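> Output the structure for:
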Amino acid sequence: MYPMLRSGIVPDGVRQDMLHINPELLSNSSQSAYGRAFEQGYRGLRFEGALEQEFQRFYLSTHLVRLRWAGFLAITLFGLFVLVDVFTLPLYVSQWTASIRLGLIIPAFGVGLWISYRSEWHHHLQLSVFIAALITGLGTVGVIAVALAQNYPIPYEGILLVALFIYFIACLQWWRALLANLVTVLAFVIMEALCQTDPSQRLYQIIFMFTANAVGATGSYFLEYSTRTTFLVHALLNELAERDGLTGLYNRRTLNNHLDKVWRQAIRDGRQLALAMIDVDYFKRYNDHYGHAEGDRVLRQVADVIAGQARRPLDLAARYGGEEFALVWYQPTASELAPMGEQLREAIADLCLPHAGSETGRLSVSIGIALLRPSGEQHAETLLRAADTALYEAKQAGRDRVVVVGTI
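Okay, the predicted model is just below:
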């Protein structure tokens, strides 16, 4: 059981039987797309925007091996059915039933298997499996229709197994599985009306078909709901491990990992990298005067401002430790850095937070910014040391200011 999950909590609606995340643990992820999705719910089995695309990748990665096994299983079973047809049915029936299985159903699963081993085609994998499932359902209806038309009825159980296979084994997402089965049910009802001469048999078979689909659709829905819950919990746990518990910014470990990554990226791209170190001025005095609870509240407000300065994909805002924060900027120009630092300093000053222990009477920050063009002879720690030196200079010069250093 995930440590962030609790039992005994009953949320509204369909989530009553689902896992629920402790709201206290969600508080640090309130700005997270994963946290918002969990709080808003996903009864329609759909996330918003980029989160749905991320889930699709997660779904594929976690189901790929199972999907391949399902493909091999389907080909094997339908191959066995072909042998059963050939050896147990009259030739005038088996030539049609075997042709449907060999010419349509088995090749459809073969195509899906081929795509599963071609990574560049994986974005078409769900569609190919859906088509294979649809062909399987309609093909099985065709097999039954051929037998009825030849006055040689065969057992109907196969169509029920096909419905359950599509819902639970084929690794289709719920909406696609439901659509494939609804089309199959419609074709089955039409076939029964045209080919089945016994009204009682027709009624029973249609009822069984609808019952199997009701059971399969319900079970498949909750399976995908649980998969989406697992996806969100996994992502939230990763975020909680990467973020600072007080401010919600990334933590120091994440900052170090990110710096290593963007350092290598900057070397490959020939780009510049900037790091800003931000320190809340006289923060010990603030805690001594106002108390640690108020100090924590102020740090969260400062963190919110700093987070707004990491706007580009490779930028990152982090809490470095205590009252120190860090900002990584990817590919800034030298002329941008001083204005960006001043904008941040002024934004925090505009919070108008009183600070009796400061000469200015309000909360302020000192900012040191370093700019480097990374090279193979250096390491990311070089940038950290340079930014720390700049911060030291800003504090020595009187605090509440920005100092920029760097070499291009």
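
> Start and end of stretch 276-295, how far apart?
One end of stretch 276-295 sits 22 Å from the other (CA to CA, to the nearest Å).

> Going by neighbour count, list what's buried in that stretch.
Residues of stretch 276-295 classed as buried: 276, 277, 278, 279, 280, 281, 282, 283, 286, 287, 290, 295 (neighbour count, 16 or more other CB atoms under 10 Å). Using the backbone N, CA and C atoms, a C-beta is placed for each residue, glycine as well.

> Among those residues, which one sits closest to residue 385?
residue 277 (10.3 Å; CB to CB).

> So that closest one lies in a strand, does it not?
Yes - with DSSP: H, G, I helix; E, B strand; the rest coil as the criterion, residue 277 is part of a strand.

> Which strand residues bridge it?
As for beta bridges, residue 277 partners with residue 326, residue 368 under DSSP bridges.

> That one touches residue 323, doesn't it?
No - with contact defined as CB atoms under 8 Å, residue 277 does not reach residue 323; the gap is 11.4 Å.

> The stretch 201-350 of the chain: strands as residue ranges?
Along the stretch 201-350 of the chain, counting by DSSP state E, counting those that start in this stretch, strands occupy 273-280, 316-321, 324-330.

> Name the stretch among these that sits most buried.
Most buried of those, by mean neighbour count (mean count of other CB atoms under 10 Å): strand 273-280, with a mean of 26.

> picking that back up, so which of the strands of the stretch 201-350 of the chain comes closest to residue 364?
strand 273-280 (7.9 Å).

> Which neighbouring elements make contact with that closest one?
Applying 3 or more CB pairs under 8 Å, 6 or more residues apart in numbering; DSSP states H and E, one finds that strand 273-280 contacts helix 252-269, helix 292-307, strand 324-330, helix 334-349, strand 365-372, helix 380-396.

> From residue 111, how far out is residue 118?
According to CB to CB, to the nearest Å, residue 118 and residue 111 sit 11 Å apart.

> of these two, who's got more company?
residue 111 (16 against 10; other CB atoms under 10 Å).

> quick check, that one in a strand?
No - checked against three-state DSSP, residue 111 lies outside a strand; its state is helix.

> quick one: contacts for it?
Residue 111 sits next to 128, 132 when contact means CB atoms under 8 Å, 6 or more residues apart in numbering.

> Give me the pLDDT value at it.
Per-residue pLDDT puts residue 111 at 96.

> any idea how the protein splits into domains?
13-239, 252-406 (automatic domain parsing).

> Same list, the helices and strands packed on strand 273-280, but as JSON lines with mean pLDDT and distance to residue 206 please.
Shown next, in JSON lines, are the helices and strands packed on strand 273-280 (pLDDT from 0 to 100; distance: least, CB to CB, whole Å):
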{"stretch": "helix 252-269", "mean pLDDT": "92", "distance to residue 206": "57"}
{"stretch": "helix 292-307", "mean pLDDT": "95", "distance to residue 206": "59"}
{"stretch": "strand 324-330", "mean pLDDT": "96", "distance to residue 206": "62"}
{"stretch": "helix 334-349", "mean pLDDT": "94", "distance to residue 206": "67"}
{"stretch": "strand 365-372", "mean pLDDT": "95", "distance to residue 206": "73"}
{"stretch": "helix 380-396", "mean pLDDT": "93", "distance to residue 206": "67"}
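
> Residue 232 is nearest to which of the ones you listed?
helix 252-269 (19.5 Å).

> can you pull the contacts of the nearest residue to residue 370 once chain neighbours are set aside?
Using CB to CB, 6 or more residues apart in numbering and skipping the chain neighbours, the partner closest in space to residue 370 is residue 386 (3.5 Å). Going by CB under 8 Å, 6+ apart, residue 386 touches 275, 370, 372, 405, 406.

> again, only this time at 7 Å
Residue 386 makes contact with 370, 372, 405, 406 under the criterion CB atoms under 7 Å, 6 or more residues apart in numbering.

> and residue 161, helix, strand or coil?
Under three-state DSSP, residue 161 comes out as helix.

> can you point me to the longest helix in the protein?
Longest among the helix segments of the chain by residue count, using DSSP state H, is helix 199-242.

> Direction-wise, compare that one with helix 252-269 and give the angle.
With axes from the mean of the first three to the mean of the last three CA atoms, to 10 degrees applied, the angle from helix 199-242 to helix 252-269 works out at 90 degrees.
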